[in-house]
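Enquirer: Fold the following, please.
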Amino acid sequence: MQREKFGSRLGFILISAGCAIGLGNVWRFPYITGQYGGAAFVLIYLVFLLILGLPIMVMEFSVGRASQSSVALSFDRLEPLGTKWHWYKWFGMAGNYLLMMFYTTIGGWLLLYLVKMAAGTFEGMDSVAISDEFGKLMGQPVIMTVFMIIVVALCFGICCMGFQKGVEKITKVMMVLLLALMIILAVRSVTLPGAGAGLSFYLLPDFGKVKDAGLMEVVFAAMGQSFFTLSLGIGAMAIFGSYIDKKRSLTGEAICVTVLDTCVALISGLIIFPACFAFGVNPDSGPNLIFITLPNIFNVMSGGRIWGSIFFLCMFFASASTIIAVFENIICFAMDLTGCSRKKAVAVNLVAIIVLSIPCVLGYNVLSGFAPLGEGTAILDLEDFIVSNNLLPLGSLVYLLFCTCRYGWGWKNFRAEANAGEGIKFPKWTRIYVSYILPLIVLFIFIQGYWSKFAG
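Expert: All right, here's what the predicted structure looks like:
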């Protein structure tokens, strides 16, 4: 069966960036940036993005392009005879399913809030009422399930249209709109009266804060954010490598994707901090920021209903672009492993993902007594912990070792694939760093994740 290809280079860059651009760019990045010294943190973060995220992304793209398949078969095709690298495929595939078990629920919340904001539901509410609104939603499993199903059906519907006609065409439009709307929101936010304080908090390096938090803690936070922002390690990027031709070298393409991902994170800070400071609201992290803090701000802003609707449309696009990208990967697992048609893969997985997403929805109401990671946690936190703190770092370690170790695919094969085509090449002098130092850093991130979760 002939594998579909990207219709354009722009499509490849935008879709890969769409996969990487998730809600962490919006609800985690601005918050930890503010917490750890604004621009001072951003500078440390960018260094780690370059030395941590970028090499692993090039490796994942290379494995995808060389094998011409998803993680379901890529190791089988490239590994030396008799080795067991292909065992990782079960963990890689599990990572994609697990990610969708909670991401689809959050996508549903965003779609519902887009509808509420456009309908003017929040108008006239005070901050307590807006906070209660989110609390009320958590206690309504039926509404949450309905919106989760709408998101799943919509995104699988796009995948069902085919790779070029559906996934590439629609994600391209969504990503261009996302960037355009975010820039409009950022301009609106920085021109609010009193926005200057937020801008200086965000953009002026405050090394005093770095000192207060402790340099090592800031470094860990920057390292973690730069690592997790690109969704590496579960083959979510490898799939797009398998759809790209050999005209361009993969290092340059990975740089473009990384730059786009970083731009969205930086712009989200330009939207959030000036607005929070203009209205005297403390910038929160996590779901509170999106579903409680920002609706409060839009409520008191002139034309807030319109700005709020644009914001939630952006957030929905950010989540949907990731969901579509991972669904495409999941569909390819089925097609690669069973040889079934795209339509059949969509039909089976549509049902599977809806069923698998139900525990996350029920974790806030029917199963709210179950706190898997201690008091105040829900099933979503457990699913996120398994993916973010386990499968992403350990999967990245597998890709790193596979591409650099002579018992795997090997350094020569990896560089030959990464450097095929025009553009920036993967430098030869990085071999010692990516073979010995980078795996230790990734292992450290993995251990640090457990340490901060259970010893902190």
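Enquirer: what mean pLDDT would you report for stretch 34-48?
Expert: Confidence over stretch 34-48, taken as the mean pLDDT, stands at 86.
Enquirer: sec struct for the spatially most central residue of the chain, please.
Expert: Central residue of the chain (C-alpha atoms, centre = their mean): Gly22, 3.4 Å from the mean position. Under the three-state scheme (DSSP: H, G, I helix; E, B strand; the rest coil), Gly22 adopts coil.
Enquirer: Touching, it and Ile323? I think so.
Expert: No: taking contacts as C-beta atoms under 8 Å, Gly22 lies outside contact range of Ile323: 9.5 Å. C-betas here are computed from N, CA, C, even on glycine.
Enquirer: what touches both of the two?
Expert: Contact criterion C-beta atoms under 8 Å, 6 or more residues apart in numbering; residues shared by Gly22 and Ile323: Tyr103.
Enquirer: follow-up on the earlier one: just give the nearest non-adjacent residue to the residue nearest to the centre of the chain, would you?
Expert: Nearest non-adjacent residue to Gly22, counting by C-beta to C-beta, 6 or more residues apart in numbering: Thr322, 4.7 Å away.
Enquirer: which other helices and strands contact the helix or strand where Thr104 lies?
Expert: Using DSSP states H and E, Thr104 sits in helix 88-119. Helices and strands touching helix 88-119, by 3 or more C-beta pairs under 8 Å, 6 or more residues apart in numbering; DSSP states H and E, are helix 71-78, helix 127-138, helix 141-160, helix 294-300, helix 304-338, helix 342-362, helix 379-386, helix 392-404.
Enquirer: quick one: the second one to chain centroid distance?
Expert: Taking the mean C-alpha point of helix 127-138 and that of its whole chain, the gap between them comes to 26 Å (C-alpha atoms, centre = their mean, to the nearest Å).
Enquirer: repeat for the shortest one
Expert: Here helix 294-300 shows a centroid-to-chain-centroid distance of 25 Å under the convention C-alpha atoms, centre = their mean.
Enquirer: swap in the longest one?
Expert: Averaged C-alpha coordinates place helix 304-338 at 10 Å from its chain's average position (C-alpha atoms, centre = their mean).
Enquirer: now the angle from it to helix 342-362?
Expert: 130 degrees (axes from the mean of the first three to the mean of the last three C-alpha atoms, to 10 degrees).
Enquirer: The helices and strands packed on helix 88-119: which one's closest to Phe29?
Expert: Between Phe29 and the helices and strands packed on helix 88-119, the tightest spacing by C-beta to C-beta is seen for helix 304-338, at 11.8 Å.
Enquirer: what's the angle from that closest one to helix 71-78?
Expert: 40 degrees.
Enquirer: buried set for helix 304-338?
Expert: Buried residues in helix 304-338, counting neighbours by 16 or more other C-beta atoms under 10 Å, are found at 304-305, 307-336.
Enquirer: same thing with stretch 389-409?
Expert: Across stretch 389-409, burial judged by 16+ other C-beta under 10 Å covers 389-404, 408-409.
Enquirer: export that stretch as PDB, just CAs?
Expert: This file holds the C-alpha atoms of stretch 389-409, laid out as PDB (Å, rounded to 0.1, in the frame of the first residue of the first chain):
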ATOM      1  CA  ASN A 389       6.600  11.400  33.800                       C
ATOM      2  CA  ASN A 390       7.100   7.900  32.500                       C
ATOM      3  CA  LEU A 391       6.400   7.200  28.800                       C
ATOM      4  CA  LEU A 392       7.800  10.500  27.400                       C
ATOM      5  CA  PRO A 393      11.200  10.400  29.100                       C
ATOM      6  CA  LEU A 394      11.700   6.700  28.900                       C
ATOM      7  CA  GLY A 395      10.500   6.700  25.200                       C
ATOM      8  CA  SER A 396      12.900   9.500  24.400                       C
ATOM      9  CA  LEU A 397      15.700   7.400  26.000                       C
ATOM     10  CA  VAL A 398      14.700   4.500  23.700                       C
ATOM     11  CA  TYR A 399      14.900   6.700  20.600                       C
ATOM     12  CA  LEU A 400      18.200   8.200  21.700                       C
ATOM     13  CA  LEU A 401      19.900   4.800  22.300                       C
ATOM     14  CA  PHE A 402      18.400   3.300  19.200                       C
ATOM     15  CA  CYS A 403      19.900   6.100  17.000                       C
ATOM     16  CA  THR A 404      23.300   6.200  18.700                       C
ATOM     17  CA  CYS A 405      24.100   2.700  19.800                       C
ATOM     18  CA  ARG A 406      25.700   0.100  17.500                       C
ATOM     19  CA  TYR A 407      23.300  -2.500  18.900                       C
ATOM     20  CA  GLY A 408      20.400  -0.400  17.600                       C
ATOM     21  CA  TRP A 409      19.900   1.400  14.300                       C
END
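Enquirer: If anything else comes up later, I'll come back, but that's it for now.
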